[in-house]
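Engineer: what follows is a predicted protein model with its sequence.
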Amino acid sequence: MNEPEVFIRLDDDGRPYAPGTTLSGEYRLDGVDSANVQAVEVSVLWHSEGKGDEDLAVHEFWRKDAEALGDPRRPERFSTTLPQSPLSYEGQIVKIHWCVRARVIFKRGRDLVAQKVFRLGNVPPARPPVAVKPEENIGVIP
């Protein structure tokens, strides 16, 4: 038997999503023994990373218990309307990432988690700070 895997595909993969538009796609499981699956959870969420406290918020969440799963190899659809904020951001101090995360909860063994990152909004990444040479510090008294 293959190692269990979760595949996530977004319908408009590769482009930034505008706030208020629909994010849709599908997920499927491969190499998973359905008799050992307790549930599958799918969420659309954002999380921050960087200095200070890191935040995480779930925008949308779906859960299918084992009885409702059917054939786990069959793709399952999801869809949600994206919020107005927070927008994806690649800053020097803080970053905000959006993703679709799928979690397979097994009756025995460790959970299996996969995620697919996407961009909400089209905020350009922060530019790195420009280093100033000492001789360019005009007006500085030594």
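Structural biologist: Yes, it's here. Quantities reported herein were computed from a predicted structural model and do not represent experimental measurements. Residues are numbered from 1 along each chain as shown.
Engineer: tell me the mean pLDDT for stretch 6-26?
Structural biologist: Regarding stretch 6-26, the rounded mean pLDDT is 94.
Engineer: use 55 as the first number from now on
Structural biologist: I'll keep to 55 as the first residue from here, and by that count the last item is stretch 60-80.
Engineer: run through who's touching that stretch.
Structural biologist: Here stretch 60-80 makes contact (C-beta atoms under 8 Å, 6 or more residues apart in numbering) with 81-84, 98, 129-139, 141-142, 154, 156, 158, 166-170, 172-176. For every residue, glycine as well, the C-beta is placed using N, CA and C.
Engineer: tell me which residues of that stretch are tucked away?
Structural biologist: V60, I62, L64, Y71, L77, G79, E80 (16 or more other C-beta atoms under 10 Å).
Engineer: quick one: residues contacting the residue nearest the centre of the chain.
Structural biologist: Nearest residue to the geometric centre of the chain (C-alpha atoms, centre = their mean): C153, 1.4 Å. The neighbourhood of C153, defined by C-beta under 8 Å, 6+ apart, consists of V98, L99, W100, H101, Q169, K170, V171, F172.
Engineer: list only buried entries from the residues you listed.
Structural biologist: The buried subset of the contacts of C153 - by 16+ other C-beta under 10 Å - is V98, L99, W100, K170, F172.
Engineer: how about the residues you listed, which pair is most distant?
Structural biologist: In these, the most distant members under the criterion C-beta to C-beta are W100 and K170, with 13.3 Å between them.
Engineer: now what about the helix-or-strand element of the chain with minimal mean pLDDT, what contacts it?
Structural biologist: Ranked by mean pLDDT, DSSP states H and E, the helix or strand of the chain with the weakest confidence is helix 120-123, at a mean of 84. Outside helix 120-123, the residues that touch it by C-beta under 8 Å, 6+ apart are S88, V91, Q92, A93, V94.
Engineer: for the very next helix or strand once past that helix, packing partners?
Structural biologist: Later in the chain than helix 120-123, the nearest helix or strand by DSSP states H and E is strand 130-135. Helices and strands touching strand 130-135, by 3 or more C-beta pairs under 8 Å, 6 or more residues apart in numbering; DSSP states H and E, are strand 76-84, strand 91-104, strand 110-119.
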